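the sequence and its predicted three-dimensional model are supplied below.
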Amino acid sequence: MTSHHLVIITGANRGFGASAAHSYIAHSSANAVSFVLVGRTQQGLDNVLSKLQEAGSQAGVTVKGRVIANVDLADVASLDNNLARIQAAASELRKESVEYKNAITKSVLINNAGSLGDLSKTAKEFTWQEARSYFDFNVVSLVGLCSAFLKDTLAVFPKEQHPDHKTVVVSISSLLAVQAFSNWGLYAAGKAARDRLLGVIALEEKDNNVKTLNYAPGPLDNEMQADVRRTLGDKEQLKIYDGMHKSGSLVKMDDSSRKLVLLLKDDTFTSGGHVDFYDE
């Protein structure tokens, strides 16, 4: 049976978002993948899509895509417009799938975009203005993305007419969503809120072939982790991260993104649950 997946990834122009897209081609077992790549830079997104198409050609996977650039999810004033752009791109790819008689069998939203917040501060030092700005980017935009994606996808693929179509919402989470550490107040609160939202969606949409997954990718060897080592105010944690960096024990992005894609492929995870890279 052929499988054609529509995959929307935020923060796709670099880092874990780009890695997840490449892993999807390599490890999902989909015959075709239509990507909507969302991010800040046109050049970065175009480059990622070009490399994905090359990888698909080598792997025998049909890869199509649209890029949605100049998206700042922290700017809630432009959020409606950006959500409309994302859904319009998804609609175009769905229409193409009908024209080429290659029906979409699975729709996936990977909420990867996010920020650290100011790790030099403790909770008592944050202003409400900083908190509002942080949650606009990391929580409010996620609510908008999930809502628009679910309404759009379930309208196009109602279970009664498309009983085999699957819908999946992923949030890139963190150990901080379930365990508190000093100086991570905004980040931890944001990740915990995202986790709980996806838990609620899992209950609300369980009868519509919808599953949700909170995936904690581990301490990745990437630019965000470098920012942690530059700015984290807690010296004990800083020693641990510096040690992991120097010893080469930070998690490689491709290893973590492969685990995420295999989780989605196997489809045995508990909907609404939290899975860490280090979990068996």
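Now that the structure is in, tell me what you want to look at.

number of nearby residues for V33?
23 (other Cβ atoms under 10 Å). Backbone N, C-alpha and C define where each C-beta goes, glycine included.

for it, what are its contacts?
Taking Cβ atoms under 8 Å, 6 or more residues apart in numbering, we find V33 in contact with 4-7, 24-25, 52, 56, 61-64.

tell me if it really is in a strand.
Yes - counting by DSSP: H, G, I helix; E, B strand; the rest coil, V33 is part of a strand.

show me what it is bridged to.
On the basis of DSSP bridges, V33 takes part in beta bridges with H5, V63.

return the helix or strand in this structure with minimum mean pLDDT.
helix 223-231 (a mean of 91; mean pLDDT, DSSP states H and E).

can you give me the helices for the stretch 101-250 of the chain?
In the stretch 101-250 of the chain, the helices defined using DSSP state H, counting those that start in this stretch lie at 128-135, 141-156, 185-204, 223-231, 235-247.

is K206 in contact with T212, as I believe?
No - in this structure K206 lies outside contact range of T212 using Cβ atoms under 8 Å: 9.7 Å.

and for E99, the neighbour number?
8.

and what of L203?
Residues lying near L203 (other Cβ under 10 Å) number 10.

pLDDT wise, what is it at?
The score at L203 is 98. That number is its pLDDT.

gap between the closest residue to V169 other than its chain neighbours and K239?
Nearest non-adjacent residue to V169, counting by Cβ to Cβ, 6 or more residues apart in numbering: T212, 4.6 Å away. T212 is 35 Å from K239, where distance means Cβ to Cβ, to the nearest Å.

okay, those two: which has more neighbours?
Each of T212 and K239 has its neighbours counted (other Cβ under 10 Å); T212 has more, 28 against 10.

next, the angle from the least confident helix or strand of the chain to helix 235-247.
Angle, helix 223-231 to helix 235-247, by axes from the mean of the first three to the mean of the last three Cα atoms, to 10 degrees: 130 degrees.

so what does helix 223-231 touch, helix or strand wise?
helix 235-247 (3 or more Cβ pairs under 8 Å, 6 or more residues apart in numbering; DSSP states H and E).

check contacts around the closest residue to G39 other than its chain neighbours.
Excluding the flanking residues, the one nearest G39 by Cβ to Cβ, 6+ apart is N13, at 3.5 Å. N13 is in contact with 37, 39-41, 44-45, 47-48, 69, counting by Cβ under 8 Å, 6+ apart.

tell me which of the helices of the stretch 101-250 of the chain sits nearest to D254.
helix 223-231 (14.8 Å; Cβ to Cβ).

list the buried residues in that closest one.
By neighbour count on 16 or more other Cβ atoms under 10 Å, the buried set for helix 223-231 is 225, 228.

mind listing the strands in the stretch 1-150 of the chain by residue range?
Assignment of strands within the stretch 1-150 of the chain using DSSP state E, counting those that start in this stretch yields the ranges 4-10, 32-38, 62-68, 106-111.

now for the ones you listed, which one comes closest to E99?
strand 62-68 (11.4 Å).

so which bits of the closest one are buried?
62-68.

try stretch 93-110
Those would be 93-94, 97, 102-110, for stretch 93-110 by 16+ other Cβ under 10 Å.

that older thread, Throw the strands of the stretch 1-150 of the chain into TSV and include distance to E130, thanks.
Formatted as TSV, the strands of the stretch 1-150 of the chain follow (distance: least, Cβ to Cβ, whole Å):
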stretch	distance to E130
strand 4-10	22
strand 32-38	25
strand 62-68	27
strand 106-111	22
